[in-house]
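K.L.:
Next input, structure requested:
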Amino acid sequence: MGSQSLMDNKASDYSTLVPPQEIRIRLTSDRWYPSSARLHDGSVIILGGQITAESVNNPTYESFPAKNINRYNGLQIPPQFFEDTLPHNTFPHVHALPSKKLFVAANNQDILLDWENNVETRLPNFPNGQRVVYPMNAAGVLLPLTPANNYTPEVFICGGSHLSQVDALKEEDIDAHHEYGSTQCSRMVLSDAGIAAGWQVEYMPEPRVIPEGVLFPNGKVVIINGGRTSTAGYGNSQYRIGDSKADNPTFTPLLYDPSLQLGNGLPDLTCRLAILRGYTTASRKYPLFIAAMCRAKYHTALASTLLPSGAILIGGSNPNDAMETRPWPSEYRVEYLNPSYMFAERPTYTGLPAMVNYGTTFTLSVSVPSLTAPVKAVLMDLGFITHSVHMDQKVVELVSTLSADRRTLTITAPPNAPGKFLSSTVAAAYLIMMFTQKLMIGTGAPPPKDDAATVNILANTPNPISGPH
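P.N.:
Below is the predicted model:
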């Protein structure tokens, strides 16, 4: 998505990309730097963004295909939340929840959005003035949904900035060298009791702005990339580094284990979060891998993602134009991080169907290393990534039973959330992940369309280009 355009990439698999196809309809208005989420019916909701500049934001949301909801008949819907979080509501954090509602965070505020009825439930603001969206990006993930937590959603948002609203608007005065990002990690369970308890605050060993959070099938989170100082963006700061507003890149990833409890005489995050040391990447020992310090100019923004093999693909650069050797040099390489489980014996399976309907049971033939503890079946949606923002990233552990002879795993599919997932088997004792395969959850049917709402959009919004639409 960019401006009012919609593009559809119908890739047959992860190794073959089909050129994007332009859809002959459009968004209701210009959006640059919006976020999106896949809804329970397979459609997409698009939220926020800019119309022409950071000072001309688009504080609305809409859906694709168009829906006639809240009496807007396909047109954009203006929630109060996006007005209240101006001007910092581009690339908002958005997570689709089992309740069909959305968790949405922008600036230093957050809500539960019942998008079907345009009802907002205000949640506690982020503590200590932590701001979490562009240009003060924080890493945000929905922690794994599991039978053990009764599929209760919990969000975890790390880094960002504590710049005041006034200072954040004075972009030309932000000091790339010395205006430190946030060390704060905020975590909240999205249940009545969890919301009443509010955000639980933990701290990273170093500040990070523009970091990313990458989920592992074993439930852990890798916090990677980003810089220690200033904000995302480029070009208009008198204290910039080349064209970059940010400085002091963070080269060391952090591994966060949400299952561990704080305490044990250890301060802050240190019993749950460890520095990953000694892992080999494509060209060097891990602490020296190339990590992006801030977003690259527009389309080459930093991004890291889990691969089907279990490795992490790491990419990113900086906004310096073309090829620069000054700090920080332009970086066109990408690297692989191979965590320790890549070198251990892994479980394998056969018999995965291409498609499984909601709530149905299916069986896999498995080969499990003899010394491993309970085996779990996990679905992963790797989502879409840009400018350090991970959209639709999700880990769902399924109800499963391993046979007495450890040769058969019986699995129950989730009750909702259609789409393509990667299937993984996790042997809990050594946290070993096997090579993953694609699995379609649901019937594979397209999302519902409302032709009248589409007609209303075309009749009541400007056409940005000449020709068919």
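
K.L.:
CA atoms for contacts and neighbours, from now on please.
P.N.:
Fine.

K.L.:
quick one, helices of this protein?
P.N.:
In the chain, the helices defined using DSSP state H lie at 80-84, 165-169, 192-197, 451-460.

K.L.:
Give me the buried positions along the third one.
P.N.:
Buried residues in helix 192-197, counted by 16 or more other Cα atoms under 10 Å: Gly194.

K.L.:
And for the first one?
P.N.:
For helix 80-84, the buried set under the neighbour-count rule, 16+ other Cα under 10 Å, comprises Phe81, Phe82.

K.L.:
Repeat that for the longest one.
P.N.:
Neighbour counts using 16+ other Cα under 10 Å place Ala453, Thr454, Asn456, Ile457, Leu458 of helix 451-460 among the buried residues.

K.L.:
Residues contacting that helix, please?
P.N.:
Residues from elsewhere that reach helix 451-460 (Cα atoms under 8 Å, 6 or more residues apart in numbering): Ile25, Arg26, Thr28, Pro65, Ala66, Lys67, Asn68, Asn73, Gly74, Leu75.

K.L.:
ok, the fifth one - how many residues close by?
P.N.:
Counted with other Cα atoms under 10 Å, the neighbours of Ala66 add up to 28.

K.L.:
can you count the residues close to the closest residue to it other than its chain neighbours?
P.N.:
Excluding the flanking residues, the one nearest Ala66 by Cα to Cα, 6 or more residues apart in numbering is Gly74, at 4.9 Å. Gly74 sits with 26 neighbouring residues when counted by other Cα under 10 Å.

K.L.:
Turn the buried residues of helix 451-460 into CSV, columns for distance to Pro374 and pLDDT.
P.N.:
Listed next are the buried residues of helix 451-460 as CSV, based on distance: Cα to Cα, whole Å; pLDDT from 0 to 100:
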residue, distance to Pro374, pLDDT
Ala453, 49, 95
Thr454, 49, 93
Asn456, 54, 94
Ile457, 52, 92
Leu458, 54, 90
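
K.L.:
which one of the residues you listed is nearest Glu83?
P.N.:
Using Cα to Cα, Ile457 comes nearest to Glu83 of the buried residues of helix 451-460, at 22.7 Å.

K.L.:
Next, work out how far apart the closest one and Glu62 are.
P.N.:
Per Cα to Cα, to the nearest Å, Ile457 is found 11 Å from Glu62.

K.L.:
Need the overlap of contacts for the two.
P.N.:
Common contacts of Ile457 and Glu62 (Cα under 8 Å, 6+ apart): Thr28, Gly74, Leu75.

K.L.:
ok, those vs Ser237, which is closest?
P.N.:
Nearest to Ser237 among the shared contacts of Ile457 and Glu62 is Thr28, at 33.1 Å by Cα to Cα.

K.L.:
Give me the residue ranges of the stretch 151-300 of the chain where confidence is low.
P.N.:
Across the stretch 151-300 of the chain, the ranges flagged by pLDDT under 70 are 166, 168-169, 262-300.

K.L.:
Kindly state the beta-bridge partners for Phe384.
P.N.:
Beta-bridge partners recorded for Phe384 (DSSP bridges): Met391.

K.L.:
if we can go back for a sec, point out the least confident member of the shared contacts of Ile457 and Glu62, please.
P.N.:
For the shared contacts of Ile457 and Glu62, the weakest pLDDT value sits at Thr28, with 88.

K.L.:
Count the neighbours of that residue for me.
P.N.:
Counted with other Cα under 10 Å, Thr28 comes out at 24.

K.L.:
So it is in contact with Thr461, correct?
P.N.:
Yes - Thr28 lies in contact with Thr461 (Cα atoms under 8 Å); the separation is 5.8 Å.

K.L.:
Pretty sure Pro65 sits against Leu75.
P.N.:
No - taking Cα under 8 Å as the definition, Pro65 is not a contact partner of Leu75, at 11.4 Å.

K.L.:
which residues does Leu190 contact?
P.N.:
Thr152, Pro153, Glu154, Val155.

K.L.:
Show the low-confidence segments of the stretch 351-469 of the chain, by residue range.
P.N.:
By pLDDT under 70, the low-scoring segments of the stretch 351-469 of the chain are 371-373, 418-436, 464-469.

K.L.:
all strands for it, in order.
P.N.:
355-356, 361-367, 375-381, 384-386, 389-391, 394-402, 408-412, 419-427, 432-433, 437-441 (DSSP state E, counting those that start in this stretch).

K.L.:
In a markdown table, list these along with mean neighbour count and distance to Trp199.
P.N.:
Conversion of these to a markdown table gives the following (neighbours: other Cα atoms under 10 Å; distance: least, Cα to Cα, whole Å):
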| stretch | mean neighbour count | distance to Trp199 |
| --- | --- | --- |
| strand 355-356 | 18 | 36 |
| strand 361-367 | 16 | 37 |
| strand 375-381 | 23 | 26 |
| strand 384-386 | 17 | 25 |
| strand 389-391 | 27 | 21 |
| strand 394-402 | 20 | 21 |
| strand 408-412 | 19 | 33 |
| strand 419-427 | 22 | 30 |
| strand 432-433 | 26 | 31 |
| strand 437-441 | 19 | 32 |
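
K.L.:
Out of these, flag the one nearest Gly42.
P.N.:
Closest approach to Gly42 among these (Cα to Cα): strand 419-427, 6.9 Å.
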